[in-house]
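>>> predicted coordinates and the sequence they were generated for:
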Amino acid sequence: AQSVAQPEDQVNVAEGNPLTVKCTYSVSGNPYLFWYVQYPNRGLQFLLKYITGDNLVKGSYGFEAEFNKSQTSFHLKKPSALVSDSALYFCAVMSSSNTGKLIFGQGTTLQVKP
Amino acid sequence: NAGVMQNPRHLVRRRGQEARLRCSPMKGHSHVYWYRQLPEEGLKFMVYLQKENIIDESGMPKERFSAEFPKEGPSILRIQQVVRGDSAAYFCASSPTTGRNEKLFFGSGTQLSVL
């Protein structure tokens, strides 16, 4: 069975500092991995995805994620956090059934303090 | 190009009533997904539909829940005889095609509250 784990319920960083939101996955075959962000009372917005190729994937709003096959991880990173980055972040893996179904982690709340 | 539209944004029902949640996908998108987000939890897949067809309903509860995506009009998620445990945010997403590298576009959700 495919699954995604986000080990931290909340991450707190100071504005201007680098941030990391952790994600590990379990899949059979090659993983298709995604990060989405959810702002209060809004739907999810796509940030970035890893399909194949370079292990470092760049996405929207200055975010990037590093795919690490040996550690089965796909951590989200940003070199310098902004207060406006405060939101709920979800890691997801695409089902291998080719139906486009996403399996989400439980989410990590990012709080960036001024 | 309008995004994925869901209505209503908030829906209040008493136990035993029916809830109907609507989703209009983005223009040109023929694939619709419904997800449920319970408090303090991530999104759980419920059902995947194409026009007039249910492709994958492995996440749908066996009773009281149904979904459709007719040839004309929005996709509807229907919950009969609602119970308090159905209180959640229900999100719809759409995509233009299917495939493992396709990203989904999400609506703003319907918050269902069952009294």
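The structure has been received and is ready for your questions. Numbering: from 1, shown residues only, chains lettered A, B, ... in the order given.
>>> please see if the helix or strand of chain A with the lowest mean pLDDT touches chain B.
Every helix and strand of chain A was ranked by mean pLDDT, DSSP states H and E. The lowest is strand A:102-104, at a mean of 89. Yes - Strand A:102-104 reaches chain B (Cβ under 8 Å from any Cβ of the partner chain) through A:Leu102, A:Ile103, A:Phe104. In short, each C-beta sits where N, CA and C put it, glycine included.
>>> kindly indicate which of those lies nearest chain B.
Lowest distance from chain B to those (Cβ to the nearest Cβ) belongs to A:Phe104, with 4.2 Å.
>>> where in chain B is pLDDT low?
Low-confidence segments of chain B (pLDDT under 70): B:1, B:98-101.
>>> closest residue of it to chain A?
Closest contact between chain B and chain A, by Cβ to the nearest Cβ, is at B:Phe106 (3.5 Å).
>>> tally of neighbours for the residue nearest to that residue when sequence neighbours are not counted?
The shortest distance from B:Phe106 to any non-neighbouring residue, by Cβ to Cβ, 6 or more residues apart in numbering or on different chains, is to A:Gly43 (3.5 Å). Counted with other Cβ atoms under 10 Å in any protein chain shown, residues neighbouring A:Gly43 total 21.
>>> ok, A:Thr24 next?
Applying other Cβ under 10 Å, we find 17 residues neighbouring A:Thr24.
>>> same thing with B:Arg9?
Neighbourhood size, B:Arg9 [other Cβ under 10 Å]: 11.
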